[in-house]
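**Student:** Turn this into a structure:
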Amino acid sequence: MPMRISDNYLSKILVGDLNRSLGAMLNLQRQASTMQRVNSFADDPRAVGAIQRYNALISSNDQYLRNITRSSVIVDNTDTALQDMSALLAEVRELALRESSAVATTQTRATAMIQVDNLTGRLMDVLNTQVEGNYIFGGTRTDVPPFVRNGSTVSYQGNDELFSTATGPNSSQVLNIPGSEFLGSLSSLLPGTADLAPRLSGTTLLSDLNMGAGWTAGSFSIRDGNGDFFSVNVSAAVTVDDVITAINSATGGAVTASLNADSTGFEINGTGPLQIDDIDGRSTASSLGIQGASAASTLIGRDVRPAVSAATLLTDIAALDGNLPLGIIDVEVAGVVTSIDLSGATTLGDLQTTFSAAMPGYQLRLDSSGISVVSGSTETFIVRNNGLPNTATLLGIEGTGTPVRMFGVLEDLHAALAADDPDAIRGVLVEVDSLEQMIQAQLIKVGGRQQDMEWASGLLMQRDTQLRAKLSLEKDADVAKVSAELAAAEMSYQSSLLVTSKLFQSNLMMYL
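**Tutor:** Residues are numbered from 1 along each chain as shown. Model (predicted):
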């Protein structure tokens with residue numbers, strides 16, 4: 001049957017169409033003016049979550065960059081101060097050589113005493129260096145001058161604590177050198193040089209990885225050369241075996257995990273190329289040492305071994321392979337040699353116990369990846385090999401342990417000059433040599449920190465670029481597409497206006 005459409009209903013339809021066309025055109029105009037595809041939650045609810053996540057990651061990344069920028073000032077000032085100390089020690093050496101020579105006199109030595117006092121004052125100024133009002137050589141006690149004069153001597157009122165800054169989602173960098181490092185008033189030290197970190201095993205706790213820094217629980221993705229994509233959730237993993245099992249199960253055996261040949265990290269095998277990435281901005285794969293790509297069918301993870309501990313088995317240390325049981329080392333103190341038989345040791349804790357029992361007042365200190373020898377006095381000592389195997393060399397403790405007495409050597413030099421004793425003045429040079437070596441070692445350490453921070457800054461800048469690129473994909477508009485769609489929308493709207501105006505004009509004439 002025929003249907004009658006009223007003018008009122010027709011007008012509602014036309015006005016509704018006009019409003020929809022106008023809304024679409026205004027939305028495109030907003031995109032064109034802001035250059036953003038998403039301007040409100042209603043534009044794309046799915047993309048809003050991704051945009052917020054990328055904004056949060058960019059914000060934290062910016063904070064890490066700010067940390068590095070501010071911390072670089074401390075590290076750079078530390079480097080400058082160490083350079084000044086090195087130059088100052090060169091002046092001490094020159095003065096001692098001059099005043100111990102045949103041309104020196106009682107008068108020149110009296111004048112040199114004033115120079116030593118000046119050098120002590122300059123050294124205090126260097127070691128009391130401030131950055132933004134904080135003393136950089138006071139340990140974590142940065143609010144008071146670390147070095148103060150007490151009569152004719154200098155005392156330290158800081159502490160021996162280290163402070164660090166976060167340089168990434170799962171990394172930090174130590175910034176300071178406590179002033180106690182330069183006093184040597186309590187002990188002598190022989191730093192270890194061997195890498196004694198134990199191999200990984202299936203039972204190694206994930207919390208012990210990365211020299212004790214641990215790992216980040218979560219998920220990561222694996223893509224192989226067949227185009228297959230796997231998501232691996234290791235949130236519940238506790239040991240290395242748990243991670244291996246999770247990867248093998250999640251991929252159905254298409255990609256397999258195991259420990260690498262030297263048991264320092266993981267090895268991932270599958271059809272190449274392989275690509276492993278973290279998911280949701282977490283650093284799970286990175287903390288396990290397997291984030292990255294491999295063009296071949298094997299991806300070798302980086303070193304994620306745990307730190308040494310008293311329970312570390314000697315058989316788990318790669319550096320000792322083929323040299324167990326250990327042999328004998330000799331420790332010489334003041335001309336007295338003590339031979340220490342370490343052949344009965346099975347753990348690093350056994351080494352500590354045996355060493356301390358044979359050398360009261362001395363100990364083997366466990367560092368993150370090795371051991372050092374520390375004495376309870378400032379007396380120099382020597383550690384040597386005794387027969388085969390070369391145990392001291394294998395453990396990285398062959399050498400001479402020396403005290404660090406930055407102000408003590410100046411006090412001794414002042415006393416020797418006052419006593420007009422050329423032999424005592426010349427004897428100071430031995431300790432000056434040790435101090436110069438110590439300063440050079442500290443300069444190398446600080447230089448390494450500068451390189452690490454530059455490297456971290458570069459990685460963060462790359463990450464910032466990647467995050468902003470991903471944010472742009474979610475948020476920014478395609479200019480060419482929006483321009484074309486806007487032109488079409490404007491034409492559609494104008495056409496609708498024209499048609500509507502003519503239609504209502506016709507109806508009005510008919511009405512009249």
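**Student:** Was I right to think residue 292 contacts residue 276?
**Tutor:** Yes: using C-beta atoms under 8 Å, residue 292 is in contact with residue 276, at 6.3 Å. (Glycine included, C-beta is placed from N, CA and C.)
**Student:** Phi first, then psi, for residue 313.
**Tutor:** Dihedral pair for residue 313: phi -80, psi 140, per degrees, to the nearest 10.
**Student:** burial count for it?
**Tutor:** Residues near residue 313, counting by other C-beta atoms under 10 Å, number 15.
**Student:** Pretty sure it sits against residue 350.
**Tutor:** No: using C-beta under 8 Å, residue 313 makes no contact with residue 350, being 9.7 Å away.
**Student:** Who has more neighbours out of residue 292 and residue 276?
**Tutor:** residue 276 (25 against 16).
**Student:** Give the bridge partners for the more buried one, please.
**Tutor:** Note on residue 276: beta-bridge partners by DSSP bridges are residue 222, residue 292.
**Student:** who's in contact with residue 194?
**Tutor:** By C-beta atoms under 8 Å, 6 or more residues apart in numbering, the contact set of residue 194 is 319, 370, 371, 393, 394, 395, 396, 397.
**Student:** hang on, the fourth one packs against residue 386?
**Tutor:** Spelled out, that is residue 393. No: if you go by C-beta under 8 Å, residue 393 and residue 386 don't touch, sitting 11.3 Å apart.
**Student:** Can you pull the residues that touch both of residue 292 and residue 276?
**Tutor:** residue 299.
**Student:** Can you tell me, leaving aside adjacent residues, what's nearest to residue 206?
**Tutor:** residue 215 (4.8 Å; C-beta to C-beta, 6 or more residues apart in numbering).
**Student:** Considering the contacts of residue 194, which possesses the most neighbours?
**Tutor:** residue 395 leads the contacts of residue 194 on contacts (other C-beta under 10 Å) with 27 neighbours.
**Student:** From residue 106, how far off is that one?
**Tutor:** According to C-beta to C-beta, to the nearest Å, residue 395 and residue 106 sit 50 Å apart.
**Student:** what does residue 340 give?
**Tutor:** For residue 340, the distance to residue 106 equals 48 Å [C-beta to C-beta].
**Student:** Give me the more crowded residue out of those two.
**Tutor:** residue 340 (21 against 9).
**Student:** could you list every residue that touches that one?
**Tutor:** 328, 329, 330, 331, 354, 355, 358, 359.
**Student:** Give me the neighbour count for the closest residue in space to the fourth one that isn't next to it in sequence.
**Tutor:** Beyond its immediate neighbours in the sequence, the residue positioned closest to residue 331 (C-beta to C-beta, 6+ apart) is residue 338, lying 5.0 Å away. A count of neighbours around residue 338, defined by other C-beta under 10 Å, yields 14.
**Student:** and what of residue 258?
**Tutor:** By other C-beta under 10 Å, neighbour count at residue 258 equals 15.
**Student:** which SS class is it?
**Tutor:** strand (DSSP: H, G, I helix; E, B strand; the rest coil).
**Student:** thinking it is in contact with residue 270, fair?
**Tutor:** No: the criterion here is C-beta under 8 Å, and residue 258 misses it with residue 270 at 11.8 Å.
**Student:** who touches residue 415 in this structure?
**Tutor:** Residue 415 neighbours (C-beta under 8 Å, 6+ apart): residue 424.
**Student:** give me the element it is part of.
**Tutor:** If you go by DSSP states H and E, residue 415 is part of helix 406-418.
**Student:** Pull that helix out as CSV, backbone CA atoms only.
**Tutor:** Extracted as CSV, the C-alpha positions of helix 406-418 are listed here (Å, rounded to 0.1, in the frame of the first residue of the first chain):
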residue,chain,number,x,y,z
MET,A,406,97.1,10.0,51.0
PHE,A,407,97.6,12.4,53.9
GLY,A,408,99.8,10.0,55.9
VAL,A,409,102.5,10.2,53.2
LEU,A,410,102.5,14.0,53.5
GLU,A,411,102.7,13.8,57.2
ASP,A,412,105.7,11.4,56.9
LEU,A,413,107.3,13.6,54.4
HIS,A,414,106.8,16.7,56.7
ALA,A,415,108.4,14.8,59.6
ALA,A,416,111.3,13.6,57.5
LEU,A,417,112.0,17.1,56.3
ALA,A,418,111.8,18.4,59.9
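**Student:** Now it: buried residues?
**Tutor:** 406, 407, 408, 409, 410, 412, 413, 414, 415, 416, 417 (16 or more other C-beta atoms under 10 Å).
**Student:** now, which of those residues sits nearest residue 309?
**Tutor:** residue 406 (32.6 Å; C-beta to C-beta).
**Student:** So for that closest one, what's the nearest residue that isn't a sequence neighbour?
**Tutor:** residue 182 (4.0 Å).
**Student:** shaky segments in the stretch 301-450 of the chain?
**Tutor:** Applying pLDDT under 70 to the stretch 301-450 of the chain flags the ranges 376, 378, 403-405, 430-431.
**Student:** which stretches of it form helices?
**Tutor:** When assigned using DSSP state H, counting those that start in this stretch, the helices of the stretch 301-450 of the chain occupy the ranges 348-358, 391-394, 406-418, 422-475.
**Student:** ok, now how distant is residue 241 from residue 204?
**Tutor:** 9 Å.
**Student:** what's the answer for residue 281, then?
**Tutor:** From residue 281 to residue 204 the distance is 26 Å (C-beta to C-beta).
**Student:** what about the two, which has more around it?
**Tutor:** Taking neighbours as other C-beta under 10 Å, residue 281 and residue 204 compare with residue 204 leading, 20 against 14.
**Student:** residues in contact with the more buried one?
**Tutor:** By C-beta under 8 Å, 6+ apart, the neighbours of residue 204 are 239, 240, 306.
**Student:** The second one: what's its closest spatial neighbour, skipping adjacent residues?
**Tutor:** Of all residues beyond its chain neighbours, the one nearest residue 240 is residue 204 (4.7 Å), with distances taken as C-beta to C-beta, 6+ apart.
**Student:** In contact with the nearest residue in space to residue 385 that is not next to it in sequence, which residues are there?
**Tutor:** Nearest non-adjacent residue to residue 385, counting by C-beta to C-beta, 6+ apart: residue 392, 4.8 Å away. Residue 392 is in contact with 329, 330, 383, 384, 385, 398, counting by C-beta under 8 Å, 6+ apart.
**Student:** For the second one, give its distance to residue 342.
**Tutor:** Counting by C-beta to C-beta, the separation of residue 330 from residue 342 is 12 Å.
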